[in-house]
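[1] Sharing a model prediction with you, sequence too.
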Amino acid sequence: MVNLRSEDVDQGPPAVGAGGTTVAERLPAPTSLAELLPVTDTAAATVLAGREAVRQVLDGVDERLLVFVGPCSVHDVDSALAYAKVLRGAADELADDLVVVMRTYFEKPRTVLGWPGLLVDPGLDGGYAVEDGLRRARALLVEISELGLPTACEWLSPISPGYLGDLVSWAAIGARTVESQVHRQLASGLPMPVGMKNGTSGSVQVAVDAVRSAAASHAYLGVEDGGAVAVLRTSGNEHCHVVLRGGADGPNYGAEHVHDVVRRLRAAGLPERLVVDASHGNSGKCHERQRVVAEELAEQIAEGQLAIRGVALESFLEPGRQDIAPGRALTFGQSVTDACMGWDVSVDVLRTLAEAARARRHSADLVPARV
Ligand SMILES: O=C[C@H](O)[C@H](O)COP(=O)(O)O
Ligand SMILES: C=C(OP(=O)(O)O)C(=O)O
């Protein structure tokens with residue numbers, strides 16, 4: 001057994017490479033954080049309306065297009081809030097055609113090593129002030145929700161939804177965790193629709209399998225809102241769906257890839273719906289390429305491809321990305337993880353997607369997803 005005793009709190013970190021674990025910080029229970037930073041009535045209304053709008057689009061009841069858009073990661077709350085304010089304006093302008101949900105990603109899965117996100121390292125300095133990260137993340141989610149903008153994130157730690165989940169309208173299980181039993185079980189009990197990304201290798205079947213798994217009920221070891229370790233039982237989440245994000249074998253946003261997913265979903269007896277991520281493996285992490293991918297997706301949508309229910313975009317105030325380096329001031333509103341489209345290009349892309357959604361809605365010859 002790994003013996004984590006209370007006196008371990010005051011010990012320094014284990015020697016690098018020694019394989020030990022110490023308790024670095026005790027955290028308040030999720031209920032304590034929620035009491036400190038409660039969901040206001042306005043914020044709750046935004047979250048619930050956001051979840052319902054996403055469900056309605058996924059179910060085909062609402063014919064608009066979902067757009068999950070925002071920074072690759074939130075690294076400071078001020079720039080995320082400034083972005084939320086401009087995005088809110090665009091979301092209002094395009095509300096007849098798009099359901100806009102802002103990316104507020106606080107946990108970053110890394111291919112090998114790297115900054116793990118605001119929740120775990122809010123100082124961006126390896127200080128790992130997790131309680132502070134949780135507070136900053138929760139306070140930001142309340143503020144953005146109060147603006148009337150629903151939010152999206154990736155659940156990386158199965159414990160973090162307890163702290164933030166009541167403020168989130170859509171979530172992803174990422175390409176690096178989609179095969180994880182724990183993440184599928186987690187998704188099966190979450191109150192928001194969850195996108196299952198294809199694996200980093202490009203495997204789409206693992207995402208289809210994840211959707212099937214999360215639709216079922218499960219029992220697993222977790223942490224209850226009061227902070228105790230508990231057996232959690234879930235009822236199954238009917239609003240999970242595949243997200244195509246490309247992979248090691250190249251992009252997968254083309255019509256043939258969409259048809260392939262539809263065939264797999266049909267074979268599995270699952271609803272024929274998906275979201276396409278224009279970034280990551282679909283853009284080769286090149287922010288300029290995202291626009292091209294989004295334009296090609298817009299063509300498929302305008303031509304009547306009903307299976308594409310949403311598009312995901314990485315966008316911030318400034319284009320590109322920057323490195324976190326000790327002593328160097330960061331450019332306000334520029335990503336510190338993957339390169340993002342700047343705001344000017346982002347708003348053009350949003351308008352293009354809105355036009356495509358309108359064309360699809362008005363198209364006389366709407367047909368079920370063509371395979
Ligand atoms: O979305 C962000 C990144 O693609 C993901 O966290 C992996 O990043 P990395 O390959 O730079 O570690
Ligand atoms: C890490 C992300 O995506 P993926 O899991 O597709 O790499 C992300 O969207 O931030």
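    Looks like it arrived, so ask away. Numbers count the residues shown, from 1 in each chain. Ligands and ions are numbered 1, 2, ... in the order given.
[2] isn't residue 102 right up against residue 150?
    Yes. Checked against CB atoms under 8 Å, the pair residue 102 and residue 150 is within contact range at 7.2 Å. In this view, the C-beta of every residue, glycine as well, is placed from N, C-alpha and C.
[3] For the closest residue to ligand 1 within the stretch 151-300 of the chain, which non-adjacent residue is closest in space?
    As assessed by CB to the nearest ligand atom, ligand 1 sits closest to residue 280 within the stretch 151-300 of the chain, at 5.7 Å. Computed as CB to CB, 6 or more residues apart in numbering, the closest residue to residue 280 that is not its neighbour in sequence is residue 245, at 4.4 Å.
[4] Dihedrals phi and psi, that neighbour?
    Taking degrees, to the nearest 10, you get phi -130, psi 10 for the backbone angles of residue 245.
[5] tell me the SS of the residue nearest the centre of the chain?
    The residue at the geometric middle of the chain, judged as the C-alpha nearest the mean C-alpha position with CA atoms, centre = their mean, is residue 153 (3.3 Å). Reduced to three states with DSSP: H, G, I helix; E, B strand; the rest coil, the structure at residue 153 is strand.
[6] and if you look at residue 312?
    Of the three states, residue 312 takes strand according to three-state DSSP.
[7] Thought residue 156 was touching residue 177, still the case?
    Yes. In terms of CB under 8 Å, residue 177 counts as a neighbour of residue 156; the distance is 6.8 Å.
[8] anything in contact with each of those two?
    Among the neighbours of residue 177, those also in contact with residue 156 (CB atoms under 8 Å, 6 or more residues apart in numbering) are residue 109.
[9] one step back: so who does the residue of the stretch 151-300 of the chain closest to ligand 1 touch?
    Contacts of residue 280 (CB under 8 Å, 6+ apart): 175, 245-246, 338.
[10] near ligand 2, which of these show up?
    With respect to ligand 2, and counting by CB under 6 Å from any ligand atom, the subset of the contacts of residue 280 in contact is 175, 245.
[11] can the contacts of residue 280 go into CSV with extra columns for distance to ligand 1, pLDDT and neighbour count?
    Below are the contacts of residue 280 laid out as CSV (distance: CB to the nearest ligand atom, whole Å; pLDDT from 0 to 100; neighbours: other CB atoms under 10 Å):
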residue, distance to ligand 1, pLDDT, neighbour count
175, 8, 98, 27
245, 9, 98, 30
246, 11, 98, 26
338, 5, 97, 19
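[12] Just the ones of the contacts of residue 280 in strands?
    Helix and strand membership here follows DSSP state E; of the contacts of residue 280, not one is in strands.
[13] quick one: which of the contacts of residue 280 is nearest residue 237?
    Using CB to CB, the shortest approach to residue 237 within those belongs to residue 175, at 19.0 Å.
[14] Help me confirm that that closest one comes into contact with residue 198.
    Yes. Contact status for residue 175 versus residue 198: in contact at 6.5 Å, counting by CB under 8 Å.
[15] Now the common contact residues for those two.
    Applying CB under 8 Å, 6+ apart, one finds that residue 175 and residue 198 are jointly contacted by 245, 247.
[16] for ligand 2, what are the nearby residues on the stretch 51-200 of the chain?
    Going by CB under 6 Å from any ligand atom, the residues of the stretch 51-200 of the chain near ligand 2 are 72, 105, 109, 154, 174-176, 197.
[17] Quick one: name the residues of this structure near ligand 1.
    The chain comes close to ligand 1 at residues 72, 108-111, 114, 280, 337-338, as judged by CB under 6 Å from any ligand atom.
[18] Buried subset of those residues, written for ChimeraX?
    Provided next is the ChimeraX selection string for whichever of the residues of the chain next to ligand 1 are buried by 16 or more other CB atoms under 10 Å:
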select :72,108,280,337,338
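[19] which helices and strands does the longest helix along the chain pack with?
    For the chain, the helix with the greatest residue count under DSSP state H is helix 343-362. Helix 343-362 sits against strand 65-70, helix 77-93, strand 98-103, helix 287-302, strand 308-314, with contacts defined as 3 or more CB pairs under 8 Å, 6 or more residues apart in numbering; DSSP states H and E.
[20] what separates it from the chain centre, distance-wise?
    Mean C-alpha position of helix 343-362 versus that of the full chain (CA atoms, centre = their mean, to the nearest Å) differs by 21 Å.
[21] Give me the angle between it and strand 98-103.
    Helix 343-362 and strand 98-103 are oriented at 140 degrees to each other (axes from the mean of the first three to the mean of the last three CA atoms, to 10 degrees).
[22] Sort out which residues of helix 343-362 are buried, please.
    Counting neighbours by 16+ other CB under 10 Å, one finds that the buried residues in helix 343-362 are 343, 345-347, 349-354, 356-360.
[23] Pick the one among the residues of the chain next to ligand 1 closest to residue 132.
    Within these, the smallest distance to residue 132 is 16.9 Å, found for residue 108 (CB to CB).
[24] If we ignore the residues flanking it in sequence, what's nearest the closest one?
    residue 117 (4.1 Å).
[25] next one: residue 346
    Counting by CB to CB, 6+ apart, residue 315 is the residue found nearest to residue 346 once chain neighbours are left out, at 3.8 Å.
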